[in-house]
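Novice: build me a structure from this.
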Amino acid sequence: MKLGEYELTSKNRYLLITLSAILLLGCSTNTPYATSVPKQKILRSAQQEAAFRIDTLLNAAPTKMGWWGVKVLYPETGEVIYERNASKMFMPASNMKMYTTAAALCLLGPDHRYETEFHTNGDIVDGTLQGDLIIRGSGDPSWSWRFYDNNYDSVMVRFVDSLASKGIKEISGNIIGDDNIFDDDLLGYGWSWDDEPYYYAAQLSGLSYSENYIDYKLIPDTLNVGGPVIIEGFPKTSYLNLRNDLVTVSSDTSTDWDYGREWRSNNGWFEGDLHIEGGEQERAITIHNPTLFTVHVLKERLADAGIRVNGDPIDADDLADTVRYDSTQKLFSYYSHPMSDIIKKVNQPSQNFIAETLQRTMGALFGEEGSSREGRKVQIALYDSLGMDTRNLKIRDGSGLSRHDLVSPNTSTSLLQMMWDHPYRSTYIESFPLSGVSGTIKRRMPGMSAEYNVRAKTGYIGYVRSLSGYTWTRSGEPIIFSIMVNHYTIPTSIVNHIQDQIASILSDME
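Specialist: The predicted structure follows:
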């Protein structure tokens, strides 16, 4: 053996093998002498756990053709719980109503009431109003069944009674409707012209009645299969010329029926086949020229009450001269429901017409004219004055029906934070639907922890779904959230469920 070499004898080989076996046994987890290493549990805070669950839910959502925007925070501290695409711009749909009602509430206050003045340019002599009856519109959106226990005629009865209390039994002149507190744009910015016959796109005016549409009840004629369907309109009026080509058919007959109104006219129609077993159906058709509609119906109600009107219902825009109120006398004023009630009637059922009216009202009272454009300017100025983040905010109408509105989750949560810190917080939050109880989320979140716990505004137009508002943790801590999705192609019911699950994750927090 050379110097420095190690001779591997049989004895040395035995020692090496023995040592290796001992080492292997020491590393084995199967030996009773091994010390097991416990699995490490990842400890998350309540906020981290909620964020993880939301992220997992959205990552698995079947909305690959669209995108989500979410922001969640604590209003008391401003701490952000979760965000995804929070600075990106989204079409908000009816989430825009949160902005409109917040501004109207802040500027006008919860007790504000619209005042509509009834004037005349004549005198009352022996029970006859010798002149015209002039209604000076204030933009009041509340002349509707929605404010009067589903009674379509209730507000008109009040006007008739007020005139009768003056001893008026006849009006020798016309009934003139003055809508000039607002501009003459009949629709919101960017609205689709083919939506105009439907209640959610009703025309706008400074003088309006019944939200500028007529509700129709469609009743299959059980005694006359093959005959026309019975159609009843509410309010009852001859203002809309209705063509009824809707036929009652037996249950074994295929059906296809439709309805609408000719563009910029008052010619409406129903046509097609209606199943006898389908029972009563309800549809609404809007009218053209709300101002003329209002004074037309008033003349009809006066006639019903035995008060004769010799003249015609007239839109003041069709007069040769502008009405000069310094040469008239006021007969009486009519005051609306308070603003606290009006914004509730916007947010809970998501009513477009009233929201648009509020925006134009802000323009008329705080801007240069009663237009949507001026109303938007007033809104932005208010938000800026209250410290809201308006960098990602493009307002184009008051209701969100326009696809030109753009907001971000950052902006919506900033608005909700602004109102959380405002003295009118309670009035504002209570105007939102309550999950499982009222409005557009009455049937949302059933059986979830979020049921009865979420105050939120929904939003929906084609391929757009939003849910933004307030919820509370199990310990009662408030949370602000905004959940938006655009350009999804799956059924909206699936999107609703995902949003409801997020609301429940937040409500589940300790």
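Novice: pull out the buried positions in stretch 377-387.
Specialist: When neighbours are counted by 16 or more other C-beta atoms under 10 Å, the buried residues of stretch 377-387 are found to be 377-383, 386. No exception for glycine: its C-beta is placed from N, CA and C like everyone else's.
Novice: dump it to CSV, restricted to CA.
Specialist: Once side chains and other backbone atoms are set aside, the C-alpha atoms of stretch 377-387 remain, and they are given as CSV (Å, rounded to 0.1, in the frame of the first residue of the first chain):
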residue,chain,number,x,y,z
LYS,A,377,-71.6,70.5,-12.8
VAL,A,378,-73.4,71.2,-9.5
GLN,A,379,-72.8,67.6,-8.4
ILE,A,380,-69.1,67.7,-9.1
ALA,A,381,-68.7,71.0,-7.3
LEU,A,382,-70.5,69.5,-4.2
TYR,A,383,-68.4,66.4,-4.2
ASP,A,384,-65.2,68.4,-4.4
SER,A,385,-66.3,70.7,-1.6
LEU,A,386,-66.8,67.7,0.7
GLY,A,387,-63.5,66.1,-0.1
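Novice: ok, residues contacting it?
Specialist: Defining contact as C-beta atoms under 8 Å, 6 or more residues apart in numbering, one finds that stretch 377-387 is touched by 99-100, 103, 106-107, 359, 362-363, 366-367, 390, 393, 395, 415, 418, 422.
Novice: give me that answer again for 6 Å
Specialist: Contact partners of stretch 377-387, identified using C-beta atoms under 6 Å, 6 or more residues apart in numbering, comprise 103, 106, 362, 366-367, 390, 418.
Novice: quick one: which of those has the lowest pLDDT value?
Specialist: pLDDT is lowest at Thr390 among these; the value there is 92.
Novice: now the helices for the stretch 101-250 of the chain?
Specialist: Using DSSP state H, counting those that start in this stretch, the helices of the stretch 101-250 of the chain run over 154-165.
Novice: where does pLDDT dip in it?
Specialist: Residues of the stretch 101-250 of the chain that meet the criterion pLDDT under 70 are absent altogether.
Novice: let's have the buried residues of stretch 377-387 in CSV, adding secondary structure.
Specialist: Conversion of the buried residues of stretch 377-387 to CSV gives the following (DSSP: H, G, I helix; E, B strand; the rest coil):
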residue, secondary structure
Lys377, helix
Val378, helix
Gln379, helix
Ile380, helix
Ala381, helix
Leu382, helix
Tyr383, helix
Leu386, coil
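Novice: in CSV: these, plus distance to Gly137 and pLDDT.
Specialist: Rendered in CSV, the data for the buried residues of stretch 377-387 read as follows (distance: C-beta to C-beta, whole Å; pLDDT from 0 to 100):
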residue, distance to Gly137, pLDDT
Lys377, 22, 98
Val378, 20, 98
Gln379, 22, 98
Ile380, 26, 98
Ala381, 25, 98
Leu382, 24, 98
Tyr383, 28, 98
Leu386, 30, 96
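Novice: out of those, who's nearest Leu406?
Specialist: Taking C-beta to C-beta as the measure, Ile380 is the one of the buried residues of stretch 377-387 closest to Leu406, at 13.5 Å.
Novice: hang on, the earlier thing: quick check: the farthest pair among the contacts of stretch 377-387?
Specialist: With distances taken as C-beta to C-beta, the most widely separated pair in these is Gly367 and Met418, at 20.4 Å.
Novice: show me what contacts Gln130?
Specialist: Contact analysis of Gln130 by C-beta under 6 Å, 6+ apart lists 122-123, 172.
Novice: domain ranges for this protein, per the record?
Specialist: With domains defined by automatic domain parsing, the chain comprises 46-111+339-507, 115-335.
Novice: most tightly packed of those?
Specialist: A comparison of these by mean neighbour count, using mean count of other C-beta atoms under 10 Å, puts domain 46-111+339-507 on top with a mean of 20.
Novice: start to end distance for it?
Specialist: Terminal residues of domain 46-111+339-507 lie 11 Å apart, using C-alpha to C-alpha, to the nearest Å.
Novice: ditto for stretch 471-478
Specialist: 6 Å.
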